[in-house]
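Student: for reference, the sequence and a predicted model appear below.
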Amino acid sequence: MAERILIVEDESRIARFLELELKHEGYEVEIASDGRSGLERIKDGDFSLVILDLMLPMMSGIEVCRRVRKFSDIPIIMLTAKDDISDKVTGLDSGADDYVTKPFAIEELLARIRVALKRKAAKKENNEDTITCGKLVLSKMQHRVTYDGEEIPLSKKEYDLLLYFMENKGIVLDREKLIENVWGYDFIGDTNVTDVYVRYLRSKIDQKYGVSFIRTIRGVGYIFEHQE
């Protein structure tokens, strides 16, 4: 599956040039032309990396980067027409992984993208403990769940159910499968217990934070999706 890259750039000529070059390299590409829409795309999309211009309408690249770092560690490469050390420092301090000054050679940018993606893959391999869906983060090692940094108190069974949902994101799960994997094969009781615990999770996550992670598939079961 191809890596997905979001370009947040208000200069259409540059954005189009980057789009063509990246697609030629086999990446899937989307474009946002201002900081605010770029931030929303990052929240809603499943991107592997962001190329973010420093000077943007609606919201600066620095502010976009700062806000993204509150809920995601997605690699961010900042672009700017300025070649000032203070701008580079500010960009990196706001959470950018790398910095490229315009005009740049596309080969250099491509190399930096490859490095950032390799670093991300290595980090993921060494951090399988953590499962992230948007602002929702589950740490298996710490047995801890947070939303946008705020800890969510869960019972043991609520945690187990959420873990199974997050590990099977995007897959429709029937009640029998949930019972087998969360309560155990030898569970004796009403399969409606899954509905009860789904309500518990929705009240603590979906309803509290105004999001929609757990969706009911009528007549079948549930699916866990990132639909903030």
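Tutor: Everything's here; your move. This structure is a prediction, so every number in the text was calculated from the model and none was measured.
Student: per-domain residue ranges of the chain.
Tutor: 4-125, 130-224 (automatic domain parsing).
Student: which one of those domains has the most crowded surroundings?
Tutor: domain 4-125 (a mean of 17; mean count of other CB atoms under 10 Å). In this view, the C-beta of every residue, glycine as well, is placed from N, C-alpha and C.
Student: want to throw the domains of the chain into a markdown table with mean pLDDT?
Tutor: Below are the domains of the chain laid out as a markdown table (pLDDT from 0 to 100):
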| stretch | mean pLDDT |
| --- | --- |
| domain 4-125 | 88 |
| domain 130-224 | 88 |
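Student: just so I have it, where are all the helices in this protein?
Tutor: 12-24, 35-44, 61-68, 85-93, 106-125, 156-167, 175-178, 193-201, 207-209 (DSSP state H).
Student: JSON lines please, covering these and showing distance to T146.
Tutor: Listed next are those as JSON lines, based on distance: least, CB to CB, whole Å:
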{"stretch": "helix 12-24", "distance to T146": "33"}
{"stretch": "helix 35-44", "distance to T146": "16"}
{"stretch": "helix 61-68", "distance to T146": "17"}
{"stretch": "helix 85-93", "distance to T146": "24"}
{"stretch": "helix 106-125", "distance to T146": "19"}
{"stretch": "helix 156-167", "distance to T146": "12"}
{"stretch": "helix 175-178", "distance to T146": "23"}
{"stretch": "helix 193-201", "distance to T146": "14"}
{"stretch": "helix 207-209", "distance to T146": "11"}
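Student: for I77, which of the ones you listed is the nearest?
Tutor: Distance to I77, taken as CB to CB, is lowest for helix 106-125 among these, at 5.9 Å.
Student: report the angle between that closest one and helix 12-24.
Tutor: Inter-element angle recorded for helix 106-125 and helix 12-24: 60 degrees (by axes from the mean of the first three to the mean of the last three CA atoms, to 10 degrees).
Student: and helix 106-125, what does it pack onto?
Tutor: If you count contacts as 3 or more CB pairs under 8 Å, 6 or more residues apart in numbering; DSSP states H and E, helix 106-125 packs onto helix 12-24, strand 49-53, strand 76-80, strand 98-101.
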